[in-house]
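Peer 1: Pasting the sequence and the predicted model now:
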Amino acid sequence: MGLFSSRSDPRKDLAKAIAKRGVRVRGTLDTVEADGTEVTARVRFTTESGEDMDVTVVQLMAPQNQVGLDPGEPVEISYDRDDPNVVLIWGSPKYRVNEAGAVVRIVDIEGGEKG
């Protein structure tokens with residue numbers, strides 16, 4: 001795909017759609033592998049209808065958004081209401097990236113703060 005191509009990237013289009021219409025929930029990471037900007041993770045979560053899901057997600061993600069994504073840790077996600085196997089990872093509920101791009105630890109209200 002060229003720099004000025006009019007064709008859109010299907011992965012980016014899907015991510016935008018899930019960000020808008022997806023259901024936001026908290027899950028748990030089973031496994032996580034990252035190689036710079038791509039993350040492959042196995043995520044467990046429960047849908048709003050009560051169905052337990054175990055999904056593998058492959059997603060491009062900035063390194064600062066990968067902080068706190070460790071096996072056994074909570075993760076904020078959105079899933080497609082029509083297909084819960086389609087998941088977008090937002091990041092760890094324990095860290096946020098501020099306007100300057102710095103990673104800041106926050107108090108995790110739902111899970112309590114560790115450490």
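Peer 2: Now that the structure is in, tell me what you want to look at.
Peer 1: Tell me how far the strand or helix carrying residue 13 lies from the chain's centre.
Peer 2: Assigned by DSSP states H and E, residue 13 falls within helix 10-21. Remark: helix 10-21 is offset 12 Å from the chain centroid, using CA atoms, centre = their mean, to the nearest Å.
Peer 1: now swap in stretch 22-33 and tell me
Peer 2: 6 Å.
Peer 1: before we move on, back to that, quick one: contacts of the helix holding residue 13?
Peer 2: Residues from elsewhere that reach helix 10-21 (CB atoms under 8 Å, 6 or more residues apart in numbering): 59-60, 78-81, 86-88. Placement of C-beta: from N, CA and C, glycine included.
Peer 1: Could I get the average pLDDT for the host helix or strand of residue 104?
Peer 2: Per DSSP H and E, residue 104 falls inside strand 103-105. The average pLDDT within strand 103-105 is 93.
Peer 1: in it, what counts as buried?
Peer 2: For strand 103-105, burial by neighbour count (16 or more other CB atoms under 10 Å) applies to residue 103.
Peer 1: Just checking: what are the partner strands of that strand?
Peer 2: Here strand 103-105 is paired, per DSSP bridges, with strand 95-97 (antiparallel).
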